[in-house]
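Student: I'll drop the sequence and a predicted model, then ask my questions.
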Amino acid sequence: MLYEGLSTVEVEFENRIAWVYLNRPEKKNAMNPALHAEMCRVLDELEADSGVGCVVISGRGGAFSAGQDLKEFFRDLSDDLIAQKQAQRNANEWRWHRLEVFDKPTIAMVDGVCIGGAFTQMIACDFAVAADDAVFCLSEINWGQIPGGLVTRVLTEALGYRDALDLCLTGRKFDGEEAARLRLINDAVPAVDLKEKTRVLAELLMGKDPEAYRATKHALRYVRNIPMREAEDYLAAKIGELRMRAGAGAQEAAIKQFVDEKNYRPAEASYTSVSKKTT
Ligand code: COA
């Protein structure tokens, strides 16, 4: 059965929003191999579930995640190369490969600590919103390590060069407000408002045409690191794919509404920040 038999993840549904909670609060939601395997499965199920319009990733017990489980992910697997490889593959699979191009809108809702490896899924989500007093930290330098998995690579997707170096090389902690100032996240809001602000954002994203949303996300994600001519070709093919998936009439209908019926003005929908009122 879908979403059943989970021991480290919990999924709640509310009006087409799936609230996915890492659920090891006694360990500050540190991610162990079981959690990575369950998240791979849960994301498959959510992507295929036509009743789900938006996925929010968060953590139970007032912590987003304390990163990889230093005991169960690292120490306990140190003599088992096969288990190590499986855990690493699952960890990178859901936290980056799947979330980066997930078919539906995704939001990271960060409350409490977001440390080390937890940056990966936070950055991979389309949007990230945090409590203004959330605690972010790339702690690895403080115990003789480099940030694990894909963290340093994905950080360069999100931050400027100086800020990425600062956070990785000092291992200092910083709060939600600074994270928003650095544009590591979209917004920081008071903790009491976090869930409601996330819900408002989820509803806004679910109001978009789902095929156009998916294609736009793919376009932005896939063309970042390819040369201009190849990007041009990829994007032209993407438009063709969108017309095929959405039906050729979708764009024509929207143009008709604007040009002939004059009852739709696409450029007037505005959204700047979840902490401001949306129209
Ligand atoms: N791996 C394994 N266990 C972890 C963990 C991690 N990354 N982070 C926290 N835990 C465990 C603690 O060992 C403790 O377990 P215990 O109750 O069996 O002793 C439990 O979670 C609660 O943590 P605790 O340190 O008591 O809570 P706190 O509120 O004082 O501090 C943190 C929370 C997250 C700031 C602190 O635990 C910490 O610094 N963790 C390490 C984070 C880190 O460097 N992660 C990088 C990994 S990529």
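Tutor: On my side now, so go ahead.
Student: ok, whatever residue of the stretch 101-250 of the chain ends up closest to the ligand - contacts?
Tutor: Closest residue of the stretch 101-250 of the chain to the ligand, C-beta to the nearest ligand atom: Gly116 (2.8 Å). For every residue, glycine as well, the C-beta is placed using N, CA and C. By C-beta atoms under 8 Å, 6 or more residues apart in numbering, the contact set of Gly116 is Ala66, Gly67, Gln68, Cys137, Leu138, Ser139, Glu140, Pro147, Gly148, Val151.
Student: Lowest-confidence one in these?
Tutor: Lowest pLDDT within the contacts of Gly116 is found at Gly148 (83).
Student: How about the secondary structure of that residue?
Tutor: coil (DSSP: H, G, I helix; E, B strand; the rest coil).
Student: who touches the residue nearest to it when sequence neighbours are not counted in this structure?
Tutor: Using C-beta to C-beta, 6 or more residues apart in numbering and skipping residues adjacent in sequence, the residue nearest Gly148 is Gly117, 5.4 Å away. Contact analysis of Gly117 by C-beta under 8 Å, 6+ apart lists Met31, Ser65, Gly67, Gln68, Ala91, Arg95, Pro147, Gly148, Gly149, Val151.
Student: Next, count neighbours for the last one.
Tutor: Meaning Val151. Around Val151 there are 22 other residues, counting by other C-beta atoms under 10 Å.
Student: pLDDT at the residue lying closest to it once chain neighbours are set aside, what is it?
Tutor: Excluding the flanking residues, the one nearest Val151 by C-beta to C-beta, 6+ apart is Phe119, at 5.2 Å. Note on Phe119: pLDDT of 96.
Student: Roughly how far does the residue nearest to Gly148 sit from Glu261?
Tutor: From Gly117 across to Glu261, the span is 51 Å (C-beta to C-beta, to the nearest Å).
Student: for Gly160, same thing?
Tutor: Where Glu261 is concerned, Gly160 sits at a distance of 45 Å (C-beta to C-beta).
Student: do Lys85 as well
Tutor: 58 Å.
Student: for Lys28, same thing?
Tutor: 54 Å.
Student: Who has more neighbours out of these two?
Tutor: Using other C-beta under 10 Å as the criterion, Lys28 and Glu261 rank with Lys28 on top: 21 against 9.
Student: ok, and the closest non-adjacent residue to the more buried one?
Tutor: According to C-beta to C-beta, 6+ apart, the nearest residue to Lys28 is Ala66 (3.8 Å).
Student: Arg243 now?
Tutor: Leaving out its chain neighbours, the residue that sits closest to Arg243 by C-beta to C-beta, 6+ apart is Gln251, at 7.1 Å.
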